[in-house]
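Visitor: Requesting a structural model of the entry that follows:
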Amino acid sequence: MKDKESKKAFENLPACVEEYIKLVIKKMRWQKKVREDVQAEFIAHFEDALHECKTNEEKEKAAKELIENFGDAELIAVLARRAKKRCRPLWQKLFIRAFQFVGIVIVLFIVYFIWFVSGKPTITTNYIEVANNLGRPTADESQNAAPLYELAAKTFDQQEYKCDSDYLSKSFYEVNQIDINHIKKWINQNDATLNLIAQGTEKPLCWQKIKTPDSNDNAMLSVILPHLSGYRRAAYGICWRAYLSAQDEQFQKALADTLTIYKFGQHQKGTRTLIENLVGISMQNKSTDTIRTILEKNDIPNEFLIPFKDKFTKIINAEDFSIVESFEFEKLFIYDEIQRSFVKSRFGIEHIYPKRLSVLMFGEGGNCNDNSRQPKKLDSLFRYVNLMFSFQNSQKTRKSVDEYFDFWKDITIATPHTFKACDLNSEAYKVIDKNILLRLLSPAMEKIISLSWRNRISSESTLTIVAVHVFKKQKGYLPESLQELITSGFLTSVPIDPFSDKPIVYKKRNNDNFALYSVGLDFDDDGGKMEISKDGKPDMWNTKDGDAVFWPVEVFRQELVPKNFSKS
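Guide: Take a look at the predicted model:
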């Protein structure tokens, strides 16, 4: 059918014209409809030029002259194609240009993606060695308490009888006689091991080498601290030994054990990881809580309290409650991840290393199908794609790390009360706002700094409570104010509450009772009332309401003492 139509179209033209037109159309390489239109135009043109010819010979001769005047068929095809392009409708031109632009973008994206996922980071610094050198003081190994602590932690695992950690972690007000029997058995089994901790606290320094489970893996994020679980068990055990010793009126031993735990916690602080610092703070808080409980439960003579107060005073006066020293150590974790998360090309151009980023965002192996991570899967995936085009290079990232920790260094100098109206986390995140790597790795410093201030006021308040008891036993009455303790030489200074920037609140109730408290995290004096949590337990550091009451202890906790509890 098509052949018949084609022959009919050329029936009035010489064969040379048909051949020429078909060659031109073939060379155009254009859409079928356009080629048909061009062919019709050529046929009409030749028919008009040859219609006056009388014979076939005249048509043949005139046709050849016309073809010769037209010129090369391929050139004519090119010119025809260009002419048709110029005659396109505007919408068609825009559509074609847009399609071409999208195609170019896709090609460039593919090229960029191939570059983005290629290469591996170059590890230039072993930050585990740097960290170990940073945390290693210039001192003889004989002054290091760590070997004794590590030996104690290992010994716990070798004991045949293991007390369930639930028993040891219970407060003095939550146990029953069965619990006490378990705890006593554990203490008898581990008494010599607990004494290793006491020996360690007599040494002036403590430093430990951090390491990874795999000797071939020197990534800081692979560092494990398995000894901390043993340390935690030891701290609970010694606190219980102190409490039970006081129940047996072995006051010197009981008070010595509380100082052991305090100094044990002190050894976990300093130029170490933030986790170790937090464990140290927890130990010290456990120690001061034990001291207050022992004072509340027992009538301890001054012959034991005065030497204890003097020792405790020296320890606290020498204590650095700030956690600034840990900042330089903690930065090494992020520095190490920076060198593991960036790839530098031979031309010095950097890009994020996707495989490492997947580990940080989704866990080991980049498994984003983990159910616990599902709610954040799409958000993380979006940030991952966004990183391909908006990441900071390693130098800017490292600079942001320094700025982030410098910001928090300035904050640690001031008390929480100073910044009570500020959203410190929002201000800090402005430094690292567009850097997903830092947002993944940066610790929540505001809460950590608050914990360090709570640790300070808890320790100083406990010392003040001891001083009040010593004063009362010596004078026969309670001081009217804390200033009277200083005048009498029982206290060197009045603790300043970091949550009010005023002296800690002391109230003499009567000749035998007093209250000592901080206004707490709500920065408001609630008259010495401590908030009670939903489960009926006192919540000393409630963010919504209530004060942090250090004394009295019994007033707010007596309802927790089990009825079947006995000193035996």
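
Visitor: where does the stretch 151-300 of the chain have low pLDDT?
Guide: 157-165 (pLDDT under 70).

Visitor: Show me the domain layout of the chain.
Guide: Following automatic domain parsing, one gets these domains for the chain: 2-87, 123-344, 345-443, 450-568.

Visitor: Which secondary structure element is home to residue 80?
Guide: helix 73-86 (DSSP states H and E).

Visitor: Check which helices and strands that helix sits against.
Guide: Helices and strands touching helix 73-86, by 3 or more C-beta pairs under 8 Å, 6 or more residues apart in numbering; DSSP states H and E, are helix 15-28, helix 32-50. Quick note: C-beta positions are derived from backbone N, CA and C, even for glycine.

Visitor: Recalculate using a threshold of 10 Å.
Guide: Helix 73-86 sits against helix 15-28, helix 32-50, helix 56-70, helix 90-116, with contacts defined as 3 or more C-beta pairs under 10 Å, 6 or more residues apart in numbering; DSSP states H and E.

Visitor: could you give the angle of it to helix 90-116?
Guide: For helix 73-86 against helix 90-116, the angle by axes from the mean of the first three to the mean of the last three C-alpha atoms, to 10 degrees is 100 degrees.

Visitor: Next, the angle helix 56-70 makes with helix 73-86.
Guide: Orientation of helix 73-86 against helix 56-70 (the same axes, to 10 degrees) gives an angle of 70 degrees.

Visitor: now helix 73-86 against helix 32-50, angle please.
Guide: Using the same axes, to 10 degrees: helix 73-86 against helix 32-50 is 120 degrees.

Visitor: how far does helix 73-86 sit from the chain's center?
Guide: 65 Å (C-alpha atoms, centre = their mean, to the nearest Å).

Visitor: what about it, average pLDDT?
Guide: For helix 73-86, the mean pLDDT works out to 71.

Visitor: Now do the helices in the stretch 451-568 of the chain.
Guide: Under the criterion DSSP state H, counting those that start in this stretch, helices of the stretch 451-568 of the chain are mapped to 482-487, 554-557.

Visitor: closest to residue 97 out of the domains of the chain?
Guide: Proximity to residue 97 (C-beta to C-beta) singles out domain 2-87 among the domains of the chain, at 11.7 Å.

Visitor: how distant is the closest one from the center of its chain?
Guide: With C-alpha atoms, centre = their mean, you get 76 Å for domain 2-87.

Visitor: how near is residue 306 to residue 313?
Guide: 11 Å (C-beta to C-beta, to the nearest Å).

Visitor: swap in residue 223?
Guide: With distances taken as C-beta to C-beta, residue 223 is found 36 Å from residue 313.

Visitor: low-scoring stretches of this structure, by residue?
Guide: For the chain, the ranges with pLDDT under 70 are 1-8, 30, 84-88, 92-93, 115-116, 157-165, 346-348, 361-391, 543, 554-568.

Visitor: residue contacts, the residue nearest to residue 488 when sequence neighbours are not counted?
Guide: The shortest distance from residue 488 to any non-neighbouring residue, by C-beta to C-beta, 6 or more residues apart in numbering, is to residue 471 (6.4 Å). With contact set as C-beta atoms under 10 Å, 6 or more residues apart in numbering, residue 471 has these partners: 302, 477-479, 484-485, 488-491.

Visitor: Select only the buried ones of these in PyMOL?
Guide: Only the buried entries of the contacts of residue 471 go into this PyMOL selection, using 16 or more other C-beta atoms under 10 Å:
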select buried, resi 478+479+484+485+490+491
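
Visitor: Can you tell me which of the contacts of residue 471 is nearest residue 232?
Guide: Minimum distance to residue 232 across these is 31.8 Å, recorded for residue 491 (C-beta to C-beta).

Visitor: rewinding a little: what's the closest of the domains of the chain to residue 102?
Guide: Set against residue 102 and scored by C-beta to C-beta, those come closest in domain 345-443, at 17.3 Å.

Visitor: Now the terminal residues of that closest one, how far apart.
Guide: 31 Å (C-alpha to C-alpha, to the nearest Å).

Visitor: Output stretch 129-136 in CSV with nothing but the alpha carbons.
Guide: Listed next in CSV are the C-alpha coordinates belonging to stretch 129-136 (Å, rounded to 0.1, in the frame of the first residue of the first chain):
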residue,chain,number,x,y,z
GLU,A,129,47.9,6.0,71.0
VAL,A,130,47.3,9.7,71.2
ALA,A,131,44.5,9.2,73.8
ASN,A,132,46.7,6.9,75.9
ASN,A,133,49.5,9.4,75.9
LEU,A,134,47.1,12.2,76.7
GLY,A,135,45.7,10.3,79.7
ARG,A,136,49.1,9.1,81.0
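
Visitor: I would like the residues contacting it, please.
Guide: With contacts defined as C-beta under 10 Å, 6+ apart, stretch 129-136 is touched by 126-127, 144, 205-211, 218, 220, 223, 270-273, 276, 325-326, 328-333, 335-336.

Visitor: What is the distance between it and the centre of its chain?
Guide: Using C-alpha atoms, centre = their mean, the offset of stretch 129-136 from its chain centre is 22 Å.

Visitor: buried stuff in that stretch?
Guide: 131, 135.

Visitor: Just put the domains of the chain in TSV and tack on distance to residue 114.
Guide: Formatted as TSV, the domains of the chain follow (distance: least, C-beta to C-beta, whole Å):
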stretch	distance to residue 114
domain 2-87	32
domain 123-344	13
domain 345-443	11
domain 450-568	47
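
Visitor: Quick one: closest of those to residue 117.
Guide: Nearest of those (C-beta to C-beta): domain 345-443, 5.6 Å.

Visitor: Next, count neighbours for residue 225.
Guide: Using other C-beta atoms under 10 Å, residue 225 has 15 neighbouring residues.

Visitor: now residue 429
Guide: Quick note: residue 429 (other C-beta under 10 Å) scores 15 neighbours.

Visitor: again with the one 3 residues further on
Guide: In terms of burial, residue 432 registers 21 neighbours under the definition other C-beta under 10 Å.

Visitor: For it, which non-adjacent residue is spatially closest?
Guide: residue 438 (3.9 Å).

Visitor: what's the nearest residue to residue 306 if we skip its chain neighbours?
Guide: Spatial nearest neighbour of residue 306, excluding adjacent residues (C-beta to C-beta, 6+ apart): residue 470 at 5.8 Å.

Visitor: quick one, what contacts the one you found?
Guide: 300, 302, 305-306, 308-310, 485, 488, 490-491.

Visitor: next one: residue 198
Guide: 148, 152, 234, 238, 256-257, 259-261, 263-264.

Visitor: Now secondary structure and distance to residue 445 too, for those residues, in TSV please.
Guide: What follows is these, written out as TSV (DSSP: H, G, I helix; E, B strand; the rest coil; distance: C-beta to C-beta, whole Å):
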residue	secondary structure	distance to residue 445
148	helix	32
152	helix	31
234	helix	28
238	helix	30
256	helix	35
257	helix	33
259	helix	30
260	helix	30
261	helix	26
263	helix	26
264	helix	25
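
Visitor: export those to TSV and tack on neighbour count?
Guide: Listed next are the contacts of residue 198 as TSV, based on neighbours: other C-beta atoms under 10 Å:
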residue	neighbour count
148	19
152	25
234	28
238	27
256	19
257	27
259	18
260	25
261	28
263	23
264	26
